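Visitor: pasting a predicted model and its sequence here:
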Amino acid sequence: MDIEPAAVPGCFVRISGTFDSLRTAEQRVADFILKHPEELIYLTVTELAERTQTSESTVVRLCQKIGYKGYQEFKIMLARDLVGPTETVHEQIASNDSPEALKTKVFAANAQALKDTLEVLSDAELERAVDALARSRKVEIYGIGGSAPLALDAYHKFMKLGLCAVWLNDSDLMAMSSSLLGSPDVALGISHTGASRDVCDALENAHGAGATTICITHRATSPITKASDIKLFTAAKETAFGSDATSSRIAQLTIIDTLYAGIANQDYDRALGLVQRTRAASAGKRY
């Protein structure tokens, strides 16, 4: 079922981002919440279960799956979202838009992508990813097409922290190199759609060889998640230009920046020294 995110942040972004991975009964509850947010504020957990022909445990389980302790905490956060300012920032770009309108829509979409990604990005998964990268023997980073520059950015950042990082965007090299990984190596695959066959195959190879696999993607039910031990999700609304929109890439780049900061913070003084050394090494290349 294709659900459009509601025009309020937080709770609704989390529900929309996980909808496809929910059980049928949980989807009925989620569908009701998305369509009747104001009415939900006045319903008890029993009443919501009755309205959706589910059980109280199903309602509570849904709330926990999207990051809340239970139904009461979810209702509190929902009420906060509903009384806050709401803006429709995901407007489609139209062929007759003026430069001013384009500027407003693009900037708003990029800002909203970061805000929404902050809501769906799991703190626990982020911590697992940082720990795996920090203790890795080798890190391979895969990205094809529009994701290739993002993989290169991750390589650039991780290399400066002293990680033994490799950036690959050739399908044959990805296949061969990933098959040689093992514990405690890490393979990081970046794909907005999560359906890049070359990236998925490389992660499957790496996983089979014993490496820890991480993905940065938008879709919770995409093929890349099945080959990933650790899943980092973005939340960027697609426009008429699809996943090529910068909003999706900004969200992915910001996750990479967060991983970089997390790794550096595990040994701050050492990381600072390494970054300063790399800056000094390249200083002579500038005018």
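Guide: Arrived safely.

Visitor: what's the span of stretch 174-182 from first residue to last?
Guide: Chord length of stretch 174-182, first to last residue, is 15 Å (CA to CA, to the nearest Å).

Visitor: what residues go with each domain of this structure?
Guide: If you go by automatic domain parsing, the domain ranges for the chain are 11-83, 120-283.

Visitor: now tabulate those domains in a markdown table and tack on mean neighbour count.
Guide: In short, each C-beta sits where N, CA and C put it, glycine included. What follows is those, written out as a markdown table (neighbours: other CB atoms under 10 Å):
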| stretch | mean neighbour count |
| --- | --- |
| domain 11-83 | 18 |
| domain 120-283 | 19 |
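
Visitor: export those domains to CSV and append columns for distance to Pro99 and mean pLDDT.
Guide: Compiled in CSV, the domains of the chain are given as follows (distance: least, CB to CB, whole Å; pLDDT from 0 to 100):
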stretch, distance to Pro99, mean pLDDT
domain 11-83, 29, 87
domain 120-283, 16, 92
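
Visitor: export those to CSV and tack on distance to Lys105?
Guide: Below are the domains of the chain laid out as CSV (distance: least, CB to CB, whole Å):
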stretch, distance to Lys105
domain 11-83, 19
domain 120-283, 8
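
Visitor: minimum distance to Ala94: which of these has it?
Guide: Of all the domains of the chain, it is domain 120-283 that lies closest to Ala94, at 8.7 Å by CB to CB.

Visitor: can you give me the strands for the stretch 151-287 of the chain?
Guide: In the stretch 151-287 of the chain, the strands defined using DSSP state E, counting those that start in this stretch lie at 165-168, 186-190, 212-217, 230-233.

Visitor: list the contacts for the residue nearest to Thr54 when sequence neighbours are not counted?
Guide: In space, and not counting its chain neighbours, Thr54 is closest to Ala25: 4.6 Å by CB to CB, 6 or more residues apart in numbering. Each residue near Ala25 by CB atoms under 8 Å, 6 or more residues apart in numbering is listed here: Thr52, Thr54, Ser55, Thr58.

Visitor: got the phi and psi for the closest residue to the third one other than its chain neighbours?
Guide: Distances taken as CB to CB, 6+ apart place Ala49 nearest to Ser55, at 5.5 Å, with adjacent residues excluded. Backbone torsions for Ala49, taken as degrees, to the nearest 10, come to phi -60, psi -40.

Visitor: from Leu62, how far out is Ala49?
Guide: Relative to Leu62, Ala49 is positioned 11 Å away (CB to CB, to the nearest Å).

Visitor: overlap in contacts, the two.
Guide: A shared contact of Ala49 and Leu62, defined by CB under 8 Å, 6+ apart, is any residue touching both; here these are Val29.

Visitor: could you pull out the helices in the protein for me?
Guide: Counting by DSSP state H, the chain forms helices over residues 11-18, 24-35, 37-40, 45-51, 56-65, 71-83, 99-120, 123-134, 148-160, 171-178, 197-208, 223-226, 246-266, 268-283, given from the N-terminal end onward.

Visitor: so can I have a markdown table of the ones you listed showing distance to Leu232?
Guide: Below are the helices of the chain laid out as a markdown table (distance: least, CB to CB, whole Å):
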| stretch | distance to Leu232 |
| --- | --- |
| helix 11-18 | 12 |
| helix 24-35 | 22 |
| helix 37-40 | 27 |
| helix 45-51 | 31 |
| helix 56-65 | 17 |
| helix 71-83 | 22 |
| helix 99-120 | 9 |
| helix 123-134 | 6 |
| helix 148-160 | 12 |
| helix 171-178 | 19 |
| helix 197-208 | 13 |
| helix 223-226 | 10 |
| helix 246-266 | 5 |
| helix 268-283 | 21 |
